[in-house]
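Colleague: Structure for the following, please:
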Amino acid sequence: MSSKIRVRFAPSPTGPLHIGGVRTALYNYLLARKLGGTFLLRIEDTDQTRFVPGAEDYILESLAWLGIMPDEGVGIGGPHAPYRQSERKDLYKAYADELIANGKAYFAFDSSEELDAIRAVYESKGTAFQYNALTRVKLKNSLSMSPEAIEEALASGQPYVIRLKVPAKAEIRFQDSIRDWVHVHTSSMDDKVLMKSDGMPTYHLANVVDDHIMEITHVIRGEEWLPSAPLHILLYQAFGWQAPQFAHLPLLLKPEGNGKLSKRDADLGGFPVFPLAWTDPQTGTVSKGFKQEGYLPEATLNFLAFLGWNPGTEQELFSLDELVQAFSLERINKAGAKFDVNKAKWFNEQYLKQHPVAELAKDYLPNIGQEQAEAYVHLFLDRITFPQELGQKVAEFLELPSEYDETVLANKWNPEAQNGLLAIQNCLDAIQDWHAESIKQAIHETLELAGIKMGKVMQMLRVALSGNGAGPDLMISIELWGKEQVGQRLSTALAQFPKLSE
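Modeller: So this is what the prediction gives:
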């Protein structure tokens, strides 16, 4: 095994990349960068029946959007090409034959129909069938057949699979970076298929062989693979290879915390569980993506990093470089992590505030002059979660009020407020330097001369101009509306308020 840290992300191209897979890729990336190692992308497409066109490109596009591209692998190249398992088919057969030659695996000629009949018998007795050390001696395989029968079956082209010969009475133990020592007795394991009848390897064989050949030192993957780890340890032992260091990540749970997060939960909750939007090639159904919903890549990464890991400090906002420096497998939790979409939104709001205003103005308010657009961004930046909300905010801002906040009217409209608004109307009309500071000073001086406190009038002024009792900075809003529109809004409100308050 290589002395240099080598990790891999090895998804299957069976559809869009789930956000849990993205977290796995991120943790692999962080460990490689932290320890000066190599991050590799391998496509595990041995199950050709589940292959979905476009899924591989989607994986690469997702990693590129997030800025966690691999150092070698599919789409990049490297010393261990090819990195698609379907293109390495012949390689696996040689390793399976090696196991057979060493008595670690065997040919099994049982047909699917025969195995289904045996399972039915077991189920009728209330037990489950396992192809294992107890049952294999009575079944149709190279452990129970004569050498002549085996030779004849192979020569005649009779379909077969290759199964691992799991020891009858042994304990498998290995140390996981997250779960510490894991112990499994082989009596609970079955003789897994390593090579299928179509000549393709199963995930288990291909995974172990590739990890060994590609010199993978750390296997960081989801908790759902933990039950397969003892089998993989057995395979490493059967080949006489050193196993990598395993780290099985906690599950991503539903927002309420009960059960594994699924696409259905996302659909019901109205939030994405895929990094990019995905159109199903068969049904045409479109699934939401973090990118298209308005999440920034840096916010998405920060959110994902905290789903199962914590830095041990109070710091929550981390750049990718800071995550690299802070990351360690030891600080990953065993317990499942709740997918709190509100936290994801909070991260997005924080990163939006740090985003270049000029860029947001150009990208999301393209039909407004750059200077004016930047002013709108400044006005609304503290009041949005996603950048695409800017257009809607500006549209609402420019729309004349069609109704007014009834609660404020009932509590604040009185002769003093009316006199204050009339005085403000006159002073605004006389202002030559139409900027927020000048406007604020003029209003303050006018109300002071009239002997009216600003607190008695300002909320009524906001309602008069916008219709709402609360909103963004009022003086900047007045500047952006412009003198003519402010005058129109005030005149309309002053005509309406007496009627509405009757």
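Colleague: drop to CA atoms for contacts and neighbour counts, all remaining ones
Modeller: OK.
Colleague: Report the contact partners of Leu323.
Modeller: Leu30, Ala305 (Cα atoms under 8 Å, 6 or more residues apart in numbering).
Colleague: Against Leu194, how distant is it?
Modeller: Note on Leu323: its distance to Leu194, by Cα to Cα, to the nearest Å, is 38 Å.
Colleague: Wasn't Phe246 part of a strand?
Modeller: Yes - assessed by DSSP: H, G, I helix; E, B strand; the rest coil, Phe246 belongs to a strand.
Colleague: That one: what's it in contact with?
Modeller: Neighbours of Phe246 in contact, by Cα under 8 Å, 6+ apart: Gln175, Asp176, Ser177, His218, Val219, Ile220.
Colleague: now for the helix or strand hosting Leu461, which elements pack on it?
Modeller: Counting by DSSP states H and E, the element that carries Leu461 is helix 458-466. Under the contact criterion of 3 or more Cα pairs under 8 Å, 6 or more residues apart in numbering; DSSP states H and E, helix 458-466 touches helix 406-412, helix 415-430, helix 483-500.
Colleague: Quick check: Asp180 vs Ile332, distance?
Modeller: For Asp180, the distance to Ile332 - Cα to Cα - is 12 Å.
Colleague: What number of residues are in the vicinity of the residue nearest to Leu134 when sequence neighbours are not counted?
Modeller: Leaving aside its chain neighbours, Leu134 sits nearest to Ala168 (7.8 Å; criterion: Cα to Cα, 6 or more residues apart in numbering). Ala168 has 15 neighbours, counted by other Cα atoms under 10 Å.
Colleague: Going forward, the N-terminal residue is numbered 28.
Modeller: Done: numbering now begins at 28, and the last item shifts to Ala195.
Colleague: which residues does Met241 contact?
Modeller: His107.
Colleague: And the strands in the stretch 278-427 of the chain?
Modeller: 279-280, 305-306, 313-314, 364-365 (DSSP state E, counting those that start in this stretch).
Colleague: now the first one, how far from the centre of its chain.
Modeller: Once both centres are worked out by Cα atoms, centre = their mean, to the nearest Å, strand 279-280 turns out to sit 11 Å from its chain's centre.
Colleague: Quick one: list the elements packing against that strand.
Modeller: strand 364-365.
Colleague: Tell me where the stretch 378-527 of the chain is predicted with low confidence.
Modeller: The stretch 378-527 of the chain contains no residues with pLDDT under 70.
Colleague: neighbour count winner among Asp207 and Ile359?
Modeller: Between Asp207 and Ile359, counting by other Cα under 10 Å, Ile359 is the more crowded of the two (23 against 11).
Colleague: ok, back up a step: so is the residue nearest to Leu161 in a helix, a strand, or just coil?
Modeller: Applying three-state DSSP: Ala195 is coil.
Colleague: quick one, what contacts it?
Modeller: Asn159, Ala160, Leu161, Thr213, Ser214.
Colleague: Tell me the buried residues in stretch 402-409?
Modeller: Buried residues in stretch 402-409, counted by 16 or more other Cα atoms under 10 Å: Ala402, Tyr403, Val404, His405, Leu406, Phe407, Leu408.
Colleague: Looking at the residues you listed, which is nearest Lys318?
Modeller: Leu408 (18.6 Å; Cα to Cα).
Colleague: how much space is there between the closest one and Leu328?
Modeller: According to Cα to Cα, Leu408 and Leu328 sit 21 Å apart.
Colleague: again with Leu387
Modeller: 20 Å.
Colleague: Looking at the two, which one has more neighbours?
Modeller: Leu328 (22 against 19).
Colleague: ok, the more buried one touching Trp92?
Modeller: No - counting by Cα atoms under 8 Å, Leu328 stays clear of Trp92, with 10.5 Å between them.
Colleague: ok, the nearest residue to Glu150 once chain neighbours are set aside - contacts?
Modeller: Closest residue to Glu150 apart from its sequence neighbours, by Cα to Cα, 6+ apart: Phe156 at 7.6 Å. Neighbouring residues of Phe156 by Cα under 8 Å, 6+ apart: Ile145, Arg146, Tyr149, Glu150.
Colleague: and Phe156, what pLDDT?
Modeller: Looking at Phe156, its pLDDT is 96.
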